[in-house]
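# attaching a predicted model along with its sequence, questions to come.
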Amino acid sequence: MLNKTNLPAHPAGGSPNRQTKPPLHTRSSARPAYAKTEAKPLPAKDQSAPIKNRDRSRMNHAQIKIKPTVIQTKPIIHSKDTLRIIPLGGQEEVGRNMTLFEYDGDIVILDMGMMFPEEDMPGIDYIIPNISYLKGKEKQVRGVILSHGHLDHIGAAPLLLKQLGYPVVVGRDMTIAMVKKKMEDFDKGSAENLKTIRVGSVTDKITLGKFRIEFFEVEHSIMDAVGVIIRTPHGTVIHPGDWTMEKDPTGKSLTDYTGLSALPSPRILMLESLGAIVTNPSRTTEEEMYANLEKLIDDAPGKIIIGTFSSQIRRIGHILEYAEQIGKKVALDGYSMKMNVEIAKELGYIKMHKTTLIPVSDISKYPKNKIVIICTGAQGEGNAVLSRIVNGEHRHIQIQKDDTIIFSSSIIPGNERTIQRLKDNLYRKCDNVIHSDILDVHTSGHCSALDIQNIMRQVQPDFFLPVYANHYMLKEAEKLAIRIGFRRDNIFVLDNGNILEIQNNKAKLLPNKVDTSYVMVDGLGVGDIGQVVLRDRQLLAQDGMFVITVIIDSKTKKIIGKPQVTSRGFIFVKENFDLVNATKKKVEEIVEKKTSPDTSINWDYVKNNIRETVGSFLYSKTQRRPMVLPVVIEV
C-alpha cells in the first residue's frame, strides 16, 4: 500500500458485501456512480440495434484448430478458496489483451483482444490469445466482460467465444454491436448465438457466478469504454481497461477516481500502462483539437482528406456534424470506417442529415472545397485507403496540390518507418500536409506517467499490477509507483501465463505458468501455423529458395539429361550461368558417388546429401543461405 508519509491513510477495508456511500467515480458532470439496481441478462438476441450484413471476410467458416505448445512441467494445483489472476496476453506486447479471474471454481474473462503480427511473421494476419488452459473448463466460464470496442480488446472474440461455447458477454451498446458485426463477418449467422448482458449505466451491478461485477466511467478514445470492478471475498479488482485523464484548458483533470478508494480491501489496481514512458504529454484538450480541425476544414482551398482510426467515433461524428453546419459533404472510405459509423448512427451516437454523407464515387459531382473525405490508412498500411490514394491506385480520389491531408492519429509503435514513407510521398503530391508535429490535430486516448501516479494517489490500492503494455513499460510503471511511496513488495509485473494468487490480504506468484504461446491466424487457418512453418517463411524472406530437380533412370541410376535449377528470391538464373552450371556439376558428382545400379538406393539419403553439399557450396560462393529443395524423380 502507499506510504502514509506521502498520502493520507485509506479507509479501512470492509466485507465484500458492504455498501459504500461515497461515489466510486465522479466527473465534472456529476454522473452518479452507484445504484442498487441489478442488471438483468438479455435473451440470446441482444437488444442493441441490428447491424446489416455487408461484405464477408475471408475468415468465414474458419476451422479453429489450436495446437498449444505445452510448457507446464506439472499440473497446476491450487486451493479453490483463492482469487487467481492469470493474464493470457497483453503483458509482453501491445495487444492480445485477455485476463482470467478464477475463484472457487468460477472463471470470469476480461477482454478478448487480437494483436497484429510482428515484422518477423511473414504472411500472418493477426495473433489471438491461447486458451488451452480453459480446455475442459468451458462450463466454469461465467462470463466475458469487454471493456471497450478496440480490436486489441475484442478482435479475438468471434473465434474464442465459439470455442468456449458462447458464454455470456457483458459490455456497453457500442462494444456489443461491434462484436456482433465482427462475428457476422467471421461466420454469417454466428451472432445469433451471442448471449449478452447490456451495461446500460455505470450504476449497474451484475453477478457472474461467485463474482460481483460493478463499473465506473473512464475516458478513452472510443465511445462506451467502461472501467470494471470485480469483487470477491479475497480482493477487489479495479481495472479501467484503456484510459486517460482528460484535462480542461487549465490543465485540471476532468476525471476523479477518489471514490474507488472506498472499495473493500485488498484493492488490486490493474492499470493499463502504455503511458508510463510519456513524461511530457501534450496539454492539448479535445476542445482545442476540435477547434484546429474546424479551422482547417473552413479554410481548405481544395478537398480535405482526414486519415484516422476507424474507432475514433466521437471525432468522426464531430467532423460529420460540423461539415453539415458549414454546408460540406462527407465521404467515408475504408470498410471498418463505414461499419463503425453505421453502428454509431443506428445507436444514435451520431446525429446528422442523411444527405451529408455521400458515396466516395460521387465526390466529383461537388466543388472540391465542399468535400471532406474521412478514411483509414494513417498508419501506412499497404492496402488501406490512404496508401492507395497516395500511390494513385484509388478509383475515385486523386490528390491535387491544393488539397489538405490531415493525420488525425498517433503513431502505433513499430509503424514509424512506414508512416514516414507515407508522409514523404504525400508531401511530393500535396502542399498542405498536417500532422501532430505541426498542429495539434490528435489527442491520445491513453494515460501519461503523471496520470498513473495521480490515479494511484486517488485509488490508494493495496496491490498494483501494471498491465496491457510491453514489459519495459510495465517496469517503468512500477518505478512510478515506487517514487510516490508504494511498497515494491506489493507490485507485481506479470508475464503472460503467470498465476497470481490472492488470499487473506496476501498475494503470491505461483512457480508454474500456463501456456500462452502465439496462436496465429493466416487466412482460413487458425492455429495451424507453428514455429516450423514460420521459420521456413523467415528463411524464404531472407535468402530465398533454390530448387534442384534431378531425373534418374531407375535401371542405370544415371541422370537423364541435366539437373534443372529454379531460383526464387536468391539469384536471377539468366545472369548467373557460371554459378548455376557449377551447382549442376556438384549435383551430378553427388548422384554418381552415392548411387549404384547394383544396389537399392535410399533416395532420402541422396536428397539430404544434395541439400547439404549444395547449401555449403552456394554459401561459399555468395555468403547467403537459400532454402535448398532437392527433388529426385526416378523413372
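Yep, that arrived.
# hey, where'd the helices end up in this structure?
151-154, 157-163, 173-186, 286-299, 313-325, 335-346, 385-390, 416-429, 449-459, 471-483, 531-543, 577-594, 603-622 (DSSP state H).
# give me the buried positions along the fifth one.
Under the neighbour-count criterion of 16 or more other Cβ atoms under 10 Å, helix 313-325 has 313-320, 322-324 buried. In short, each C-beta sits where N, CA and C put it, glycine included.
# roughly how far does the residue nearest the centre of the chain sit from residue 97?
Nearest to the mean C-alpha position of the chain, by Cα atoms, centre = their mean, lies residue 152 at 2.8 Å. For residue 152, the distance to residue 97 (Cβ to Cβ, to the nearest Å) stands at 5 Å.
# overlap in contacts, those two.
Taking Cβ atoms under 8 Å, 6 or more residues apart in numbering as the contact criterion, the common neighbours of residue 152 and residue 97 are 90, 113.
# OK, contacts around residue 577?
Going by Cβ under 8 Å, 6+ apart, the list of residues near residue 577 is empty.
# from residue 398, how far off is it?
45 Å.
# got it, and residue 371?
Residue 371 is 12 Å from residue 398, by Cβ to Cβ.
# also residue 194?
42 Å.
# ok, these two, which is more surrounded?
Using other Cβ atoms under 10 Å as the criterion, residue 194 and residue 398 rank with residue 194 on top: 21 against 12.
# got phi/psi on the more buried one?
As for residue 194, its main-chain torsions (degrees, to the nearest 10) stand at phi -70, psi 130.
# surely it meets residue 180?
Yes - when contacts are counted by Cβ atoms under 8 Å, residue 194 is listed as touching residue 180 (6.1 Å).
# so how far is residue 121 from residue 83?
35 Å.
# name the residue in these two with the higher neighbour count.
residue 83 (23 against 18).
# show me what contacts that one?
101-103, 232, 234-235, 237, 501-503.
# and the residue nearest to residue 371 when sequence neighbours are not counted, how far from residue 174?
Distances taken as Cβ to Cβ, 6 or more residues apart in numbering place residue 303 nearest to residue 371, at 4.1 Å, with adjacent residues excluded. Noted for residue 303: a distance of 29 Å to residue 174, by Cβ to Cβ.
# who's more crowded, the two?
residue 303 (25 against 22).
# OK, contacts around that one?
Residue 303 touches 363, 368-369, 371-373, 400, 403-404, counting by Cβ under 8 Å, 6+ apart.
# list buried residues within these.
363, 369, 371-373, 403-404.
# of these, which pair is most distant in space?
363 and 404 (14.5 Å; Cβ to Cβ).
# quick one: the strands in the stretch 251-400 of the chain?
Under the criterion DSSP state E, counting those that start in this stretch, the stretch 251-400 of the chain contains strands at 255-256, 267-272, 304-307, 329-333, 371-375.
# looking at the ones you listed, which one is packed in the most?
For those, average neighbour numbers computed from mean count of other Cβ atoms under 10 Å are highest in strand 304-307, which has a mean of 27.
# and that strand, what does it pack onto?
helix 286-299, strand 371-375, helix 385-390, strand 404-407 (3 or more Cβ pairs under 8 Å, 6 or more residues apart in numbering; DSSP states H and E).
# pairing partners for it, with directions?
strand 371-375 (parallel), strand 404-407 (parallel) (DSSP bridges).
# of those strands, which is nearest residue 495?
Going by Cβ to Cβ, the one of those nearest residue 495 is strand 404-407, 34.4 Å.
# keeping just the C-alphas, turn that closest one into PDB.
What follows is strand 404-407, C-alpha atoms only, in PDB (Å, rounded to 0.1, in the frame of the first residue of the first chain):
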ATOM      1  CA  THR A 404      -5.300  19.300 -47.400                       C
ATOM      2  CA  ILE A 405      -4.200  16.000 -45.900                       C
ATOM      3  CA  ILE A 406      -4.600  15.600 -42.100                       C
ATOM      4  CA  PHE A 407      -3.100  12.800 -40.000                       C
END
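# and that strand, average pLDDT?
Regarding strand 404-407, the rounded mean pLDDT is 90.
# was I right to think residue 90 contacts residue 466?
No - Residue 90 lies out of contact with residue 466 (Cβ under 8 Å); the separation is 10.8 Å.
# can you give me the strands in the stretch 101-250 of the chain?
Using DSSP E, counting those that start in this stretch, strands in the stretch 101-250 of the chain cover 106-110, 126-128, 141-145, 169-171, 196-198, 206-208, 211-217, 226-232, 235-239.
# can you list the residues that contact the fourth one?
Counting contacts by Cβ under 8 Å, 6+ apart, the residues outside strand 169-171 that touch it are 143-147, 157, 161, 176, 179, 194-199, 206, 208, 213, 224, 226.
# let's see it at 7 Å
Strand 169-171 is contacted from outside by 143-146, 176, 179, 194-197, 199, 206, 213, using Cβ atoms under 7 Å, 6 or more residues apart in numbering.
# tell me the one of the residues you listed nearest residue 131?
Once Cβ to Cβ is applied, the member of the contacts of strand 169-171 that ends up nearest residue 131 is residue 144, at 11.2 Å.
# gap between that closest one and residue 176?
Residue 144 is 11 Å from residue 176, where distance means Cβ to Cβ.
# same question, residue 142
In terms of Cβ to Cβ, residue 142 sits 17 Å off from residue 176.
# about what we covered before: what's the closest of the buried ones among the contacts of residue 303 to residue 482?
Among the buried ones among the contacts of residue 303, and counting by Cβ to Cβ, the member closest to residue 482 is residue 404, at 46.4 Å.
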